[in-house]
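> okay, predicted coordinates and the sequence, questions at the end:
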Amino acid sequence: MRKIISITLINIILVFALFLTACGDKSEEKSSSLKVGITMYDEFDPFTNTIADEIINRITEIGESNGVNATCDLVYAGKSQLLQNDQVQDFIRKKYDVICINLVDRTDAMSIIDMAKNADVPIVFFNRELVEEDLRRWDKLYYVGANSEESGRMQAQIVIDALSTIEGRNKYDFSQDGIIQYVMLEGEAGHQDALMRTKVSVEEIKRAGFEMDKLGDEIANWNREQASTKMTSILAGYPWQVELVIANDDNIALGALDALENKGVPKTPLIVGVNGELEVLEEIKKGNIVGTVYNNAYKQGEKIAKMAYSLGRGEKFPDDITVLSNKYVFIPYEIINKDNVDEYMEKATY
Amino acid sequence: MNKYTRTIILSLVFVAAVILLENFLFRFLNNREEKLSNISMILFDEGKNWDDVKAGATQAADDGCDINYVIMPTGSSAKDQFDAINDEIERGADHVIVAAVDSYGLRDELGDKYSSNVSFVANGIDNDKYITVEPDNYLIGINVGNLVLEEEKYDSKVVIIDNGADKEFLLDRIKGAREVLGESGIQLEIWDIDLNETEMDSYTEKIDKYQPDVFIVLNEEAISTTIEMADESDKPANIYAIANSDEAVYYLDNKKIKYLIYPDEFGMGYAAVKRVLDKNAYVNDDFKRLITYKVVNRDDMYTSGYEKVLFPFVK
Amino acid sequence: MKNKLNAFLNRISEGYKQRSIQLIISISFTALAIISMAFMEIMTYSSYLNNSRETAVESNKQILDQVSWNLNTYIRNMMRISDTMYYNVIKDKDLTYDTLDKEMSLLYEANKDNLISIACVSQDGALIAASPVATRKAGVDFKKQKWFSDAEEKIENLHFSTPHVQNMFESSNYRYYWVVSLSRSVELTYFGKIRQGILLVDMNFSAIEQMFDKVNEQGTGYVYLIDSNGEIIYHPNQKAIYSGLETENNLVAASYDDGDYIETYRGQERSVIVKTVGYTGWKIVSVVPVNELAVNHRQIRFITVLIFTITIFLILFGNMFISTVVTDPIIKLENSLAYLESGSMDPDNIYLGGTHEIRHLGRTIKAMVRQMRKLMDDMVKEQEEKTKSELDALQSQINPHFLYNTLDSVVWMVESERYQEAISMVTSLATLFRISLSKGNNIITIKDEITHAKNYMSIQQVRFKNKFETKIDVDPAIMNCITIKLIIQPLIENAIYYGVNNADDDGLIEVKGYEKDGDIFIEVRDNGMGIPPETVATLLTHKSESRGKGSGIGLWNVNQRINLYFKGEYGLYIDSELDEGTTVTIHLPKISYDEYKGGLSNE
């Protein structure tokens, strides 16, 4: 009987051996390489595209100087959060070291954060800001952007400066009633920049002592044509009364300008945008647009690249990166108006 | 006791044999199903839009193999590309598909030795030993020539914009166009254009002096420059372009280009990879017939046959 | 050659015969195990295959249903937008002084994930309102576009176009949109009067594409979408199809009704499921190559090999087990029996082991053997005992008195200085006793027996002072035959003491030996007083007491001995007449000493 037991044991062991060999082989991992995934909310936004290009360039640079084979993979989410979630899942599955995300829907970051946390893949969000509660759910989530409140204030500043002289006031107060009739053209429903800029710009102008009267408030989805359409329909109701157009960004500002030129208004109102696009700079030079707020895509790209590199390699951030509350890295805005527009025109590519 | 020992040993040997056999069978069967796992694609010039080729290649690969895309920087030489090819092979690529930077230079570098694991797409090296997946560029040239003859006045001044004389596919196109146009009464000139912006002024001068009626642009990198130049000039000119990019389609839509000849680059990428994976995928490897091109103008653009090719991606 | 073959076959059949039980059981068990395992495996495998195929088709059907549901929802949604725009907005407004912009913009914003644009166009192709972008593209004639002409043709329906690139509005970058146009004819109110127009809702085709992409990512096979004519609306490989590099069986699929089919296309067998989407007449087609239906080849293969291996183990195992417990013991027991057959009666050689029944057999055989052995032993012992006791008994009847008396005579002779007679007496006595003992042999030759008788007689003659005469006449031919010892001497003794001793005449004792009828007769005759008839009768039947003067071996004794040994009718006869004499006859078989010796060695 003992023999029979020992034979049984041997049988069982052999069966296990069979089992183990039948179960796949292991694949090998490479180290000393860095895989960065980048997903953008829309491929047609030149501003965010500049950031993305800058990230890619910088990462390649840093990788080369450190002897690390750093590669970037850029995908576009076509404005679909679902698609972006899939893209992130794909990056995680393919064992990317770090992911840079330009969120489609800033209120819907849950699934991405969960996936990243479970797989221990750090994320640098940028340009489209998610709520702080979500950002705090894990310690390897960061946001790089610009302080939207600042941009609103700077927009207000541009307007205030333009209206600070008597000359300026006269020029732009078409109705001569001491009240500024303005049109607000917003970026996107729920977007943090849009919300802040809309609110803060008007507040600051009012605080400077100006009275304001809103003639129209439309959403233009950061799109020139849409802005133009909305502006046109507003102009249909107020053909000459609009004294100030506050645009949440430069595309919208240009669209508004298009509408105004199309309509052929007698006097062009104050138009102020944000970003610092080349075409707007040209219009500033021409005098059609009073100013814009420079959003330094290059600096943002650079910071994101450095952070992504460090996170992906498990190293500390370089010293030139200051992180607020362990989460936020903000690049300061700069005012562009007629006085300094030339400097910016030189560097602009978007 | 002996009888038992014998049985144990026998059963051990037997099971070991079964395990080994099963594993071998398994590996063998799996290997049969497994195709090449690693293809590299080395494409010339970052200035050109390779999205369609890459999309076609990726579609054909379809999880069956990995494709690594390498885009040579602008101004690379044949030697640079040859080095890149060797790098990829060393890196473990089973096959390299190349769009040659410099057809004749690369032909010299490669010789005949690499014909089993190198093939060409879009631009070959004029060597029959290598598979080249591209449309019949000579025929394209002829078609363009005929088109110009049909559409334009008989005494028009035609300028062919040449940018990159060291690429075989461009030379073929020139040859075709030349053949048709040379015979006719049309005054034909071929201008070699450097896309460097600093040269722009000299071109503007040239245009003012020559006052061409028709520009034939053979490759898409030169399109925007040509359009700019044509815009600057006072005389309106018709532009015929051979290109495969959203930009070109946009220009066509905006009437900056009169006619667009659009080679099926998606098909090129697709067929190139499929041919590597399956030797018998295409009868006679007759790519010159297989890869098509469309001749479109503004009116036809949005008809169903053309728009599917001109607007390949749903965004 | 043939011999060798025969020898070989013989060996096999010998071996077969020898291991018959083991072989039968082994083969039966192995065959049974293999057959039943194989059967089970085949059944499992094919039922698994069938099941997994069915399951795969089922799950594909479910996926198809899901996609269909999603697509339906999507389309319904678009239709609802169109309805809302029409019934809740356009119908209410008089476009002479009112605009559609606000509402259109609102509807767009609320649905912008799936919409590209909403537009209202007049009968002449003029753009009345559009959202989000209202700048019309230069040089585009709406009337020439299909959505327009379709809506115009049939004004009572909603029309779904096939996907196409939107060619209506200005765009500042290279952006283009693939859309599916939903158009309908609407009544526009101007100054209270009705004019015809077209309401166009352009659905974002990428939403449809994403729906299908998601499904196509997972699992085997793929799903594509065609319109009622079979034109491909979406196919995962559509670009390659448009390039002319791949083909699909879409035209045939369009002819199928809803349901699942098996078709062969380009040499590959595939399972095709078709489901029609409501209202549009579009069909969703799912294609799975048949050989991919049974998923998890790897797992099946693994399980198959596992089962196979386990089966082999079980077989070997089972065989060994049965061997140990059943057949080996039987064989061992059988071997013990063979041993037994050879005559070894050793009960401890019997094998005890195996199952209860075999043990029982063993035990029984062992007991039997023990029994047998004991019986045999008993028998032998009995025999020995018997013979021994008899002989002992017989032998012990040699009278010591004879010895004393004879020795007395010898002493007297020596005292009388009759040395020669003394020597002769002692010698005769020695010889007498020699024969009497005869080295323990019971059987001697007649010669020796006569010699013994002679010696005895000579001794007695001396003692009885030649009171009688003796005469011995034996046929020399029987001298070499056997007889039991000490049968003549007692007769002579009787003749002396009861015959001639008290007679006055010269006594005469005659010993006569002859062959007659193949047997041997030895007579001892005396002419003495004779024996009374009543005594004759009892002499042979009763063991008489020794009378003290002879050797003590009585007639009964002699008769018993002869009869015991030779059996049958051999023995003594007594014939006596009072005052005349007595003749006692010994009847023996005729067996030569050589025969007797031969018979001994044969035993």
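Arrived safely.
> what about chain B, any weak spots by pLDDT?
Applying pLDDT under 70 to chain B picks out residues B:1-4, B:7, B:25-36, B:164-165, B:195-200, B:315.
> where do the strands sit along it?
B:38-43, B:66-71, B:95-98, B:118-121, B:132-133, B:157-162, B:187-192, B:214-217, B:238-242, B:259-263, B:293-297 (DSSP state E).
> now do the helices in the stretch 151-300 of chain B.
Per DSSP state H, counting those that start in this stretch, the stretch 151-300 of chain B carries helices over the ranges B:168-183, B:200-210, B:223-232, B:246-253, B:265-277, B:287-290.
> quickly compare those helices and say which is most buried.
A comparison of the helices of the stretch 151-300 of chain B by mean neighbour count, using mean count of other CB atoms under 10 Å in any protein chain shown, puts helix B:265-277 on top with a mean of 27. No exception for glycine: its C-beta is placed from N, CA and C like everyone else's.
> show me what from the stretch 51-200 of chain A comes close to chain B.
Within the stretch 51-200 of chain A, the residues that sit near chain B (CB under 8 Å from any CB of the partner chain) are A:Tyr76, A:Gly78.
> quick one: name the residues of the stretch 51-200 of chain A near chain C.
With CB under 8 Å from any CB as the criterion, the stretch 51-200 of chain A meets chain C at residues A:Gly78, A:Lys79, A:Ser80, A:Leu82, A:Leu83, A:Asp86, A:Ala189.
> for chain B, state which of these is nearest.
A:Gly78 (5.7 Å; CB to the nearest CB).
> I'd like the distance between the residue of chain B found nearest chain A and B:Lys153.
Nearest to chain A in chain B, going by CB to the nearest CB, is B:Val15, at a distance of 4.6 Å. Separation of B:Val15 from B:Lys153 (CB to CB, to the nearest Å): 88 Å.
> ok, B:Ile186 next?
9 Å.
> for C:Asp124, same thing?
36 Å.
> ok, now B:Met41?
On the measure of CB to CB, B:Met41 and B:Lys153 end up 43 Å apart.
> looking at the two, which is more packed in?
Shown here are B:Met41 and B:Lys153; by other CB atoms under 10 Å in any protein chain shown, B:Met41 has more neighbours (25 against 10).
> for the residue in the stretch 101-250 of chain A that chain B sits nearest to, helix, strand, or coil?
Using CB to the nearest CB, the single residue of the stretch 101-250 of chain A nearest to chain B is A:Val104, 13.8 Å away. With DSSP: H, G, I helix; E, B strand; the rest coil as the basis, A:Val104 sits in coil.
> isn't it right next to A:Gln84, touching?
Yes: counting by CB atoms under 8 Å, A:Val104 does reach A:Gln84; the two are 5.1 Å apart.
> okay, and the common contacts of these two?
A:Tyr41, A:Ala77 (CB atoms under 8 Å, 6 or more residues apart in numbering or on different chains).
> these two: which has the busier surroundings?
Neighbours were counted for A:Val104 and for A:Gln84 using other CB under 10 Å; A:Gln84 has more, 26 against 22.
> spit out the contact partners of the more buried one.
A:Thr39, A:Tyr41, A:Ala77, A:Ile101, A:Leu103, A:Val104, A:Ile112.
> CSV for these, including pLDDT and secondary structure?
Below are the contacts of A:Gln84 laid out as CSV (pLDDT from 0 to 100; DSSP: H, G, I helix; E, B strand; the rest coil):
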residue, pLDDT, secondary structure
A:Thr39, 96, strand
A:Tyr41, 91, coil
A:Ala77, 91, coil
A:Ile101, 96, strand
A:Leu103, 93, coil
A:Val104, 91, coil
A:Ile112, 92, helix
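> all strands of the stretch 1-150 of chain C, in order?
In the stretch 1-150 of chain C, the segments counted as strands under DSSP state E, counting those that start in this stretch are C:115-122, C:127-131.
> how far off strand C:115-122 does the longest helix along chain C point, in degrees?
The longest helix of chain C (DSSP state H) is helix C:20-83. Calculated by axes from the mean of the first three to the mean of the last three CA atoms, to 10 degrees, helix C:20-83 forms an angle of 40 degrees with strand C:115-122.
> residue ranges of the helices in the stretch 151-300 of chain A, please?
Counting by DSSP H, counting those that start in this stretch, the helices of the stretch 151-300 of chain A are A:166-172, A:192-207, A:224-237, A:250-263, A:278-286, A:297-313.
> C:Glu156 is nearest to which of the ones you listed?
Between C:Glu156 and the helices of the stretch 151-300 of chain A, the tightest spacing by CB to CB is seen for helix A:224-237, at 31.5 Å.
> residues contacting residue 131?
I'll assume chain A. Counted by CB under 8 Å, 6+ apart, A:Val131 has contacts A:Arg106, A:Thr107.
> hmm, I had chain C in mind actually
A:Thr229, C:Asp101, C:Met104, C:Ser105, C:Leu107, C:Tyr108, C:Ser117, C:Ile118, C:Ala119.
> which of the residues you listed has the weakest pLDDT?
Among these, C:Asp101 carries the lowest pLDDT, at 87.
> so that residue sits against A:Ser233, correct?
Yes: in terms of CB under 8 Å, C:Asp101 counts as a neighbour of A:Ser233; the distance is 4.8 Å.
> need the residues touching each of the two.
Joint contacts of C:Asp101 and A:Ser233 (CB under 8 Å, 6+ apart) are C:Ala134.
> let me see the mean pLDDT of stretch C:466-477.
Mean predicted confidence for stretch C:466-477 is 86.
> do the same with stretch A:91-100
On average, stretch A:91-100 scores 91.
> before we move on, what about stretch A:159-171?
pLDDT averaged over stretch A:159-171 gives 88.
> contact partners for the nearest residue to B:Ser184 once chain neighbours are set aside?
Closest residue to B:Ser184 apart from its sequence neighbours, by CB to CB, 6 or more residues apart in numbering or on different chains: B:Leu149 at 5.8 Å. Residues in contact with B:Leu149 (CB under 8 Å, 6+ apart) are B:Val180, B:Leu181, B:Ser184, B:Ile186.
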